[in-house]
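Chemist: after the sequence you'll find the predicted model.
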There are 2 protein chains.
Amino acid sequence: MRPFELYLPTRLIFGKDTIERLPQLLENYHSILLAYGGGSIKRIGLYDKVKELLKGKKIIELPGIAPNPKVQSARDGVKLCREHNIDALLAVGGGSVSDLSKLISCGAFYDGDPWDLVLDPEKIRPGEHLPLFDVLTLAATGSEYDNSGVISNPDTNEKLPVFGDLNPVASILDPVYTFTVPANQTAAGAADIMSHTFETYLVKEGNTLSDGLCEAMLRTVIKNAPIAMAEPENYAARAELMQASSFGCCGILADGMYPSPWVCHGIEHEISAYYDITHGAGLAILTPVWMRYSLSKDTAERFKQYGVNVWGLNKDGDAMEIANQAIDKTAEFFKSLGLPSKLSELGIDDTHFGDMADHIEKFWFGDFRDALRPLERDDIVQILRNSL
Amino acid sequence: MRPFELYLPTRLIFGKDTIERLPQLLENYHSILLAYGGGSIKRIGLYDKVKELLKGKKIIELPGIAPNPKVQSARDGVKLCREHNIDALLAVGGGSVSDLSKLISCGAFYDGDPWDLVLDPEKIRPGEHLPLFDVLTLAATGSEYDNSGVISNPDTNEKLPVFGDLNPVASILDPVYTFTVPANQTAAGAADIMSHTFETYLVKEGNTLSDGLCEAMLRTVIKNAPIAMAEPENYAARAELMQASSFGCCGILADGMYPSPWVCHGIEHEISAYYDITHGAGLAILTPVWMRYSLSKDTAERFKQYGVNVWGLNKDGDAMEIANQAIDKTAEFFKSLGLPSKLSELGIDDTHFGDMADHIEKFWFGDFRDALRPLERDDIVQILRNSL
């Protein structure tokens, strides 16, 4: 077992009507930046509910935060924080809104461009960030329970994580707010949660407890995503997906596991940076391709374990064969959710593959040589080609 | 899925030589109460190591904290805190030392007898407790990652939990410090971890993720406890037990599960209060008896799930039969670890069974009518009788 550090200071408040806790959570704050996305929170009445609960406080709004959230929104947010003496951030939406708010929270204490903080996390000084509160409306990224965010910079074709002790103070998780998430976004969220788990689980060495938790994560999504898509208001299915979302990125899956470079996320961020595609859709394409590329006699046992414990495959038989079946099952599952299986389906060709691989080598936090199958620059290009 | 709140503010620092983090963790504190137990930390060199790392600080010692820690030690500790202007607590040892230190930490802010805080948690004012740091030497109670402790009062034959936001600030978990834990204590710790899991898992209604995590917890202990007993210096086995210890009581297993009254813990605390037996030994006796008492056509599916997913029993067949096999396996496992299977082996008879049941009805935090099989006072007496 490897050393680990686990620090989960966010108070997760899960269940129906937990939004009612908002006034108590924010009682010591007076000037609040309310960050949200494209307006779905207005359609479901959440916007009005939040405004009503926070009556009497100064609420400054930062609407329009896009999927693959753009650094310009963080710049706008930081400006608002300064103009209005904001003392707390309230992110209402999916992972993009939470991610972007994390950059605002530390950007408010930094004199330069917030993008500097993405490129150089050392510039984020410990403790120098505004308190962030989160109301989740999409089960996917896990930003509601982790310490980081992912920010896109269209000017430079970059999509990079911002790391720091940026955990929300509290996150309100009411599965009812995900009832109106459309099927395609539910599917993409499911692929994201599964990918977080694969990135942690499909490594050189696991351990009994963390492996078991990862396998339970995968079974949870595999069971509930199709139900949530077929019956959008199925509370149990939405709730299980939301619970899984929060565990995906917070570090708990990785306790004691071999360090992982998060290969599929690294590559997908490159694709999104150039083409602004849905993160989960990109992951659904890359994951089975990466699995296939990583499968060998040396790694077959790990894939076999996945196949047996997650997909219920018969454990008797050739490890390579069972491993291949497990990968087939993964690809079929994503397809059954209506997710794409080729980059070409999204109109992407090989124009930028070389630049993407170069950029990963320079900027990605993880070393791809630590992956289940160690990967060099040319392997990245090959995985991208195999995804066409 | 049920509503839940999860709040895990403790920084878990896991791995070999993580004790070296101590000076940095305590850098802002100057007058430290060092709480420990019977001297094992001296034999393994940990005491000297801690003193060396904290050179230059004022260290006041509170030694001799007993298993089933006694309220008198908390009274002594509170007195020391006042006399020496203690600004942080450092608990070095097993769960007893951590539990007791939690009562000291809030007791230092309370003018009356610390036992009042056990009887009436409302008297613990939010935020009014000394920061607690923990160095763990025994995988068992999970006190290193939870918000509560268990304190015994021999004057009143009471053993009760103290509840509050009493989570340690940080816990250092180095499996090497458990290498010298004797086989019988390793076994008792294993039974304690398994019992924490059973209390959460064997309830009326689970969910995919929490069930899977509970099952992984049980598989972890079942795999590693015998190894750790046979090879006390097996790092991997000690590490997996330590990881499981921390997850047992922190609430993460219970996320979304049916509320549990923690029946076996409730009854075992009564037995320990009268007879001061080893907590894990008492749990090893009670658990299979409680399982057998709770098994019926209505509950068989839950026990079957346990048997199939934890013990690898064949899922095809009569649920009652598989459930009974699973309970047999549990009893055999505890026996194989050298744990007792009857209260009479510990010299306990039925003298106090009535008082114990009465006391549970009055003081236990959980309602036994919420248990997998709802239990009334007379059921408690019967479970105790069946344990003789």
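Modeler: Okay, I see it.
Chemist: in the stretch 51-200 of chain A, what residue is nearest chain B?
Modeler: Scanning the stretch 51-200 of chain A for the residue nearest chain B gives residue A:175, at 7.8 Å (criterion: CB to the nearest CB). All C-beta spots, glycine's among them, are computed from the backbone N, C-alpha and C.
Chemist: how about low-confidence regions in the stretch 251-388 of chain A?
Modeler: By pLDDT under 70, the stretch 251-388 of chain A contains no weakly predicted segment.
Chemist: how about the residues of it near chain B?
Modeler: Residues of the stretch 251-388 of chain A lying near chain B by CB under 8 Å from any CB of the partner chain: A:252, A:255, A:256.
Chemist: can you tell me the closest non-neighbouring residue to the last one?
Modeler: With CB to CB, 6 or more residues apart in numbering or on different chains as the criterion, residue A:256 has its nearest non-adjacent residue at 4.0 Å, and that residue is residue A:1.
Chemist: looking at chain A, which strand is longest?
Modeler: The longest strand of chain A (DSSP state E) is strand A:4-14.
Chemist: what are the buried residues along that strand?
Modeler: Of the residues in strand A:4-14, A:4, A:6, A:7, A:8, A:9, A:10, A:11, A:12, A:13, A:14 count as buried by neighbour count, 16 or more other CB atoms under 10 Å in any protein chain shown.
Chemist: what's it packed up against?
Modeler: Identification of packing neighbours for strand A:4-14 by 3 or more CB pairs under 8 Å, 6 or more residues apart in numbering or on different chains; DSSP states H and E yields strand A:170-173, helix A:235-248, strand B:4-14.
Chemist: helix or strand right after that strand?
Modeler: helix A:22-25 (DSSP states H and E).
Chemist: next, count neighbours for residue A:62.
Modeler: Burial of residue A:62 is recorded as 25 neighbouring residues (other CB atoms under 10 Å in any protein chain shown).
Chemist: show me the beta-bridge partners of it.
Modeler: residue A:35 (DSSP bridges).
Chemist: and the gap between it and residue A:97?
Modeler: Per CB to CB, to the nearest Å, residue A:62 is found 9 Å from residue A:97.
Chemist: list residues touching both of the two?
Modeler: A:35, A:36 (CB atoms under 8 Å, 6 or more residues apart in numbering or on different chains).
Chemist: check contacts around the residue nearest to residue A:256.
Modeler: Here residue A:1 is in contact with A:207, A:256, B:175, B:235, B:236, B:239, B:240, B:243 (CB under 8 Å, 6+ apart).
Chemist: format the residues you listed as TSV; extra columns: neighbour count and distance to residue A:306.
Modeler: Listed next are those as TSV, based on neighbours: other CB atoms under 10 Å in any protein chain shown; distance: CB to CB, whole Å:
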residue	neighbour count	distance to residue A:306
A:207	21	15
A:256	23	18
B:175	25	27
B:235	15	26
B:236	16	21
B:239	27	23
B:240	27	20
B:243	26	21
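Chemist: which residues in chain A form strands?
Modeler: In chain A, strands defined by DSSP E lie at A:4-14, A:31-35, A:58-62, A:88-93, A:132-136, A:148-153, A:158-163, A:170-173, listed in chain order.
Chemist: what does the fourth one rub up against?
Modeler: Residues outside strand A:88-93 that contact it (CB under 8 Å, 6+ apart): A:26, A:29, A:31-37, A:40-41, A:46-47, A:50, A:54, A:65, A:77, A:81, A:97-98, A:100-101, A:104-105, A:130-138, A:168.
Chemist: where's whichever residue of the stretch 251-388 of chain A sits closest to chain B relative to residue B:173, distance?
Modeler: With CB to the nearest CB, the shortest gap between the stretch 251-388 of chain A and chain B falls at residue A:256, namely 5.8 Å. Here the distance between residue A:256 and residue B:173 works out to 11 Å (CB to CB).
Chemist: can you list residues touching both of those two?
Modeler: Contacts common to residue A:256 and residue B:173, judged by CB under 8 Å, 6+ apart, are B:14, B:243.
Chemist: which among the contacts of strand A:88-93 end up buried?
Modeler: Listed as buried from those are A:26, A:29, A:32-37, A:40-41, A:46-47, A:50, A:54, A:65, A:77, A:81, A:97-98, A:100-101, A:104-105, A:130-138, A:168; burial here means 16+ other CB under 10 Å.
Chemist: pick the one among the contacts of residue A:1 closest to residue A:196.
Modeler: Ranked by distance to residue A:196 (CB to CB), those are led by residue A:256 at 16.8 Å.
Chemist: how about the closest one, what does it touch?
Modeler: With the criterion set at CB under 8 Å, 6+ apart, residue A:256 makes contact with A:1, A:2, A:4, A:207, A:209, A:210, B:14, B:239, B:240, B:243.
Chemist: with residue A:308 instead?
Modeler: A:314, A:315, A:322.
Chemist: which parts of the stretch 101-250 of chain A are helices?
Modeler: Remark: helices assigned in the stretch 101-250 of chain A by DSSP state H, counting those that start in this stretch are A:115-119, A:183-201, A:208-230, A:235-248.
Chemist: dump the ones you listed to CSV, plus distance to residue B:180.
Modeler: Formatted as CSV, the helices of the stretch 101-250 of chain A follow (distance: least, CB to CB, whole Å):
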stretch, distance to residue B:180
helix A:115-119, 46
helix A:183-201, 33
helix A:208-230, 23
helix A:235-248, 34
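Chemist: distance of the residue nearest to the spatial centre of chain A from residue B:317?
Modeler: With distances taken as CA atoms, centre = their mean, residue A:141 lies nearest the centre of chain A, 2.5 Å away. Taking CB to CB as the measure, residue A:141 falls 42 Å from residue B:317.
Chemist: residue A:174 now?
Modeler: Residue A:174 sits 41 Å away from residue B:317, going by CB to CB.
Chemist: compare those two and say which one has the larger neighbour count.
Modeler: Ranked by neighbour count (other CB under 10 Å), residue A:174 and residue B:317 place residue A:174 first, with 23 against 12.
Chemist: please name the residues that touch that one.
Modeler: Contacts for residue A:174 (CB under 8 Å, 6+ apart) come out as A:14, A:15, A:16, A:17, A:18, A:19, A:135, A:136.
Chemist: distance check, it against residue A:13.
Modeler: Applying CB to CB, the value for residue A:174 to residue A:13 is 9 Å.
Chemist: same check on residue A:247?
Modeler: 15 Å.
Chemist: sorry, back to before: which of the strands of chain A sits closest to residue A:267?
Modeler: Of all those, it is strand A:158-163 that lies closest to residue A:267, at 11.0 Å by CB to CB.
Chemist: which strands border that closest one, and is each parallel or antiparallel?
Modeler: Short version: by DSSP bridges, strand A:158-163 pairs with strand A:148-153 (antiparallel).
Chemist: show residues contacting stretch A:29-42.
Modeler: Stretch A:29-42 is contacted by residues A:26, A:47-48, A:50, A:54, A:57-67, A:77, A:80-81, A:84-94, A:96-97, A:100-101, A:104, A:130-131, A:137, A:180 when judged by CB under 8 Å, 6+ apart.
Chemist: so residue A:239 sits against residue A:177, correct?
Modeler: No. Between residue A:239 and residue A:177 there is no contact under CB atoms under 8 Å: 11.3 Å.
Chemist: OK, contacts around the nearest residue in space to residue A:357 that is not next to it in sequence?
Modeler: Distances taken as CB to CB, 6+ apart place residue A:380 nearest to residue A:357, at 4.1 Å, with adjacent residues excluded. Going by CB under 8 Å, 6+ apart, residue A:380 touches A:267, A:356, A:357, A:360, A:368.
Chemist: the third one against residue A:384, yeah?
Modeler: Yes. Using CB under 8 Å as the test, residue A:357 is close enough to residue A:384 to be in contact (7.4 Å).
Chemist: so how many other residues sit close to residue A:23?
Modeler: Residues near residue A:23, counting by other CB under 10 Å, number 14.
Chemist: residue A:51 is in contact with that one, correct?
Modeler: No. Using CB under 8 Å, residue A:23 is not in contact with residue A:51; the gap is 11.9 Å.
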